[in-house]
Each structure stands twice: as C-alpha cells, then as structure tokens.
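> Next come a sequence and a model predicted from it.
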Amino acid sequence: MLTQAQMLGLDDGHLVAVDDRQLEAQTAEAWQALVADARSAGFTLGLCSGWRSFERQLAIFNGKALGTRPLNNRMGDPCDVRIMSDADILDAILTWSALPGTSRHHWGTDLDWYDAGVLSPADLKLEPWEYEAGGPCHELGRWLQPRLASYGFFLPYRQALGGVSPEPWHLSFAPVSVPALGQFDANALAEQLDGADLALKETVLAQLPGLIERYCHRISLP
C-alpha cells in the first residue's frame with residue numbers, strides 16, 4: 001500500500017530504476033516481463049515516462065497556466081491564456097496534464113509507452129495519431145492490447161469520459177493503482193496545494209472536490 005506522501009509525489013522510497021526512469025517495484029517487474037515478451041515478438045517496447053514528482057508536475061502545471069508552456073484546449077487547438085478565464089485555463093490544462101498531487105505518475109504505477117524500434121524519444125510527440133492506424137506505434141499497440149491484462153496493466157484513459165483526454169500510450173498497473181485510487185485523500189491534497197506556489201490556486205481550491213471527481217475518478221476501469 002502506498003503512503004499519502006507517495007500518493008502525492010513527495011516520496012520516492014517505493015521506486016526502483018528502470019533504464020533511466022523509475023517505477024513502483026511491482027510495476028517495474030511486470031513492465032520488464034512485458035518488454036521481454038514484446039522483444040520475443042520482434043518489438044522494442046520503450047518507456048518514455050514513469051514516476052513524476054509533485055514538484056515536476058507543479059512546474060508543468062504552472063508553466064501552462066502562466067503561458068510559458070504550450071497549452072491546447074480539449075479540441076487540441078492552441079490557447080492563449082491572456083484572453084481566457086481561469087476556469088477555461090484550468091479545463092484546458094487538466095484535459096492533458098494532471099493537477100499536482102493528482103497525477104497517477106506520482107504513484108510509480110503508471111507509465112507512457114512507445115515503439116522504440118520505430119521512433120526515438122526525440123521524435124515522439126505523445127499524440128493520438130501516433131497510436132492510430134498508420135501511426136508509428138499502431139502495430140505495437142495492436143500486439144499489446146490483448147496481452148496487457150495478463151501482466152496486470154490496463155488503459156485508464158481508454159475512452160473520453162469528460163475528464164482526461166484519451167491517452168492510448170498511458171498504462172497503469174492495476175494491482176497497485178486500483179487500491180491507490182481508493183485510498184486517495186482529498187484533504188491531504190488540499191493541504192499540500194494550499195502550501196504550494198500554485199498558479200490559479202484560488203480557483204483550484206474552490207473547485208477541488210469536483211476536479212478530483214472529474215479528472216481522477218473518471219477512468220476506464222480494468
């Protein structure tokens with residue numbers, strides 16, 4: 001079971017190194033077995049994102065909120081935060097990037113994959129078209145789909161449910177991540193955010209229960 005500090009991305013004591021990334025220990029074991037299976041089928045399954053700290057997620061969120069990082073709306077169109085309301089900025093950010101303290105990447109159970117036999121990390125965009133028919137990761141995705149459950153993985157953002165946009169690259173290790181979501185502590189999150197240098201803090205804290213329901217709990221179940 002993860003501690004609240006680990007849930008919030010404040011503690012990395014539950015992690016092990018996987019290549020140049022970090023994953024929760026059970027997740028890492030399952031991932032490496034899946035990578036070996038893919039290799040035997042002629043694929044090179046790459047890991048482009050694993051654990052992410054609270055501070056890293058905070059930097060991503062603030063950059064988008066303040067206009068120093070690119071921001072797209074739910075339709076994928078570029079946004080200009082200078083002419084948007086705080087509520088609209090927040091929706092655009094959370095469609096694609098988690099609120100600090102709510103990212104499943106904090107847990108070390110969630111990761112982003114790509115076909116490393118076709119793409120280099122520098123060429124990867126993590127956009128849906130790369131995983132659709134004709135895209136560079138499509139064939140590996142077709143091979144993965146029927147095998148994920150046997151390794152404990154599922155796609156939490158498989159469908160558009162009004163929260164996070166579908167992410168065919170995002171895998172979650174169910175034996176650890178499902179219990180983790182069940183123990184998510186909204187009060188601990190609120191306390192952490194209140195003490196952080198968070199852009200849009202007033203708007204976030206005022207809407208926090210609804211944001212947790214929409215962007216944390218609306219997932220495609222295993």
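Yep, it's here.
> Pretty sure W113 sits in a helix.
No - applying DSSP: H, G, I helix; E, B strand; the rest coil, one finds W113 to be strand, outside a helix.
> burial count for it?
By other Cβ atoms under 10 Å, 24 other residues sit near W113. Where C-beta positions appear, they are placed from N, C-alpha and C, glycine not excepted.
> Distance check, it against G9.
W113 is 20 Å from G9, where distance means Cβ to Cβ, to the nearest Å.
> Strands along the chain, start to end?
Secondary structure of the chain (DSSP state E): strands at 15-18, 21-24, 45-49, 110-115, 153-154, 170-173.
> mind checking which of those strands is nearest R142?
R142 sits nearest to strand 110-115 of all the strands of the chain, at 11.0 Å, using Cβ to Cβ.
> Show me what that closest one is packed up against.
If contacts are counted by 3 or more Cβ pairs under 8 Å, 6 or more residues apart in numbering; DSSP states H and E, strand 110-115 sits against strand 45-49, helix 138-144, strand 170-173.
> so how far is the shortest one off the chain centroid?
So the one you mean is strand 170-173. 8 Å (Cα atoms, centre = their mean, to the nearest Å).
> May I have the predicted confidence score for N73?
As predicted, N73 sits at a pLDDT of 88.
> any idea how far A98 is from it?
17 Å.
> swap in D91?
13 Å.
> which of these two has more neighbours?
Between D91 and A98, A98 has the larger neighbour count (other Cβ under 10 Å), namely 20 against 16.
> Next, count neighbours for A59.
Neighbour tally, A59, other Cβ under 10 Å: 14.
> ditto for T68
11.
> how close does it get to L189?
With distances taken as Cβ to Cβ, T68 is found 24 Å from L189.
> same question, W169
In this view, W169 and L189 are 25 Å apart by Cβ to Cβ.
> What of E130?
From E130 to L189 the distance is 32 Å (Cβ to Cβ).
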